[in-house]
Structure formats: structure tokens, C-alpha cells
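>>> Using only what follows, build the 3D model:
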Amino acid sequence: MTEIEHAMPRRRLPVITGILVLIALAILISLGTWQVERLHWKEGLLADIAARQVAAPMPLADIEAMAASGGDIEYRKVTVTGRYINNKERHFFATWRGQTGFYVYTPLELADGRALLVNRGFVPYENKEPEMRMQGQLTDQQTVTGLAREKLPGKPSWVVPDNDIAKNIFYWKDLDVMAESVGLEKARVIPFFVDADSTPNPAGLPIGGVTQVDLPNDHLQYAFTWYGLAAVLVAVVGISWFRKPGKQPAQ
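Sure, this is the predicted structure:
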């Protein structure tokens, strides 16, 4: 084999390696840039949600119109008047400030006969049944101010347990089933929830104002990770490129 033939594989290898390095570098930089774009989007979303939470409450009719037109109603402040149907409350398993219990979802009957499921707030596990918190079972007309919450399109994840309708324990907020399980006609149920604000209830239960805006924002960390890997790749290739070849062993 001639020296030229012997050298040909060595010439091809750096070209192939260089192409692979460029592809990997392009992918890493693209991922980092995508995370930066997601960061800007998430920061804008969080700012928007914060603004909604401190804005003046909107009438229920305005929120309904917005939802019907496909608008984003999530976390918008709303006010509504009606009477609680206390014997039809539903219980959503939850924790609040380290304590296990339930969020109490009670239908609020409106003047036109329709119903709106209101998350009145948290009760400890031992106070699940209404008999354990009778003072909080409001019977007269109430004006509720809170945050609109959109109806979930389906079960959030396969790891979430199925709702136990017989025991009135919901592990995910299935609005249709919550309403159906207490005999509410679907056509007469408002297609979203309202989380009541922190206005105190008699005897302190339920504890209102439990809405948690839990939107993780780790995009900056991810961007640094991808850009950092790109920088490491460039450094490794640079060191390999400029490193002097060692002496060849004697033939």
C-alpha cells in the first residue's frame, strides 16, 4: 500500500467528524435559542397572570362571552351572585400549606336557574363532611369574587388516580362528572369553574383564596445548559485540532 493510499482514510475522517460536529453544534445552539424564546414567552405569561389577579373583577357575563369566543379566561377576576346548593358539594383531594384535605366545590345557583361550580376553598381531611363545618354552609344569597378557571379537557396524566365518585373524592377536576354526579343538567352548568377569593367564611371553613399559580420557569437554566454544551463541544474540538501529533513509533 502506498503512502497516499494509506493517508486517504486519515483525510476523510476529519471531514466526516467536522460535519458531525457542525450538526451537533447547530442542534445545541438551536435548543438553547428555543429555550430563550420560551423564557420570554413564560415571563410574559406570568406577568399577564399577575395583572389579571389584581385587576377589577369582571361580571360573569363578560367572562362567559370571552370563553364562548375562544378567549383566555384563566385567572381572570370575576364576580357573581347566587345561592349555594350545599347538598351538592363535591370534594377535590388537595393539600394546603402542608395539610391534607379537600377543596370544596359547591354549585352556585344563579338567578336564571343555571349553576356555577365554585371552589369555596380548603377544609382539613377531618372536616370533609358538611356536618363538621355547618357554620360555613351559607344559605342566603352570596356575592362571590374569585378567579375564573378553565375546564380541563381531560385527565391530566395516567398517574393521576381515577375519581372516586361513590366516595365523593375527585383527584382531577372533571367538571362534567362533578355536575352530573349531583344531578345537574349539563346544558345549565357554566362550562368553567371559579376559585373563591380569601373572604373569610364563618368558623373559618372553607379557607378561600387557595388558587396556586404553579408555572415552572426553568427555561433560563435549560438555555445555559444547551449553550454550555455547545461551548464545551467547541472547546473539545479546538483542543483536538490544535494539539500537536505525537511521534510515530519507529518502523
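
>>> Quick check: chain neighbours aside, which residue is closest to Leu184?
Among residues not flanking Leu184 along the chain, Ala115 sits closest, at 5.3 Å (Cβ to Cβ, 6 or more residues apart in numbering). Where you see a C-beta, it was placed from the backbone N, CA and C, and this is true even at glycine.

>>> For the one you found, what are phi and psi?
Here is the backbone geometry of Ala115 (degrees, to the nearest 10): phi -130, psi 140.

>>> where do the strands sit along the stretch 101-250 of the chain?
115-124, 142-150, 192-196 (DSSP state E, counting those that start in this stretch).

>>> orientation of the first one relative to strand 142-150 in degrees?
Right, the one you point to is strand 115-124. Following axes from the mean of the first three to the mean of the last three Cα atoms, to 10 degrees, one obtains 90 degrees for the angle between strand 115-124 and strand 142-150.

>>> pretty sure the residue nearest to Leu184 is in contact with Pro107, am I right?
Yes - using Cβ atoms under 8 Å, Ala115 is in contact with Pro107, at 4.2 Å.

>>> Tell me which of the two has more neighbours.
The neighbour comparison of Ala115 against Pro107 (other Cβ atoms under 10 Å) goes to Pro107, with 25 against 20.

>>> Show the contacting residues for the more buried one.
Counting by Cβ atoms under 8 Å, 6 or more residues apart in numbering, Pro107 touches 84-85, 88-89, 115-118, 179, 182, 184, 189.

>>> go on, Arg114?
For Arg114, the contacting residues are 188-190, by Cβ under 8 Å, 6+ apart.

>>> again, only this time at 10 Å
Going by Cβ atoms under 10 Å, 6 or more residues apart in numbering, Arg114 touches 60, 64, 82, 107-108, 184-185, 187-190.

>>> May I see the ChimeraX selection of the buried members of those?
The buried residues among the contacts of Arg114 can be selected in ChimeraX (16 or more other Cβ atoms under 10 Å) with this line:
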select :60,64,82,107,108,184,189,190
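
>>> Find the pair from the contacts of Arg114 with maximum spatial separation.
Based on Cβ to Cβ, the longest span within the contacts of Arg114 runs between Leu60 and Glu185 and measures 18.4 Å.

>>> do you know how far the nearest residue to Pro200 once chain neighbours are set aside is from Val194?
For Pro200, ignoring the flanking residues on the chain, the nearest one in space by Cβ to Cβ, 6+ apart is Gly208 at 7.6 Å. Counting by Cβ to Cβ, to the nearest Å, the separation of Gly208 from Val194 is 11 Å.
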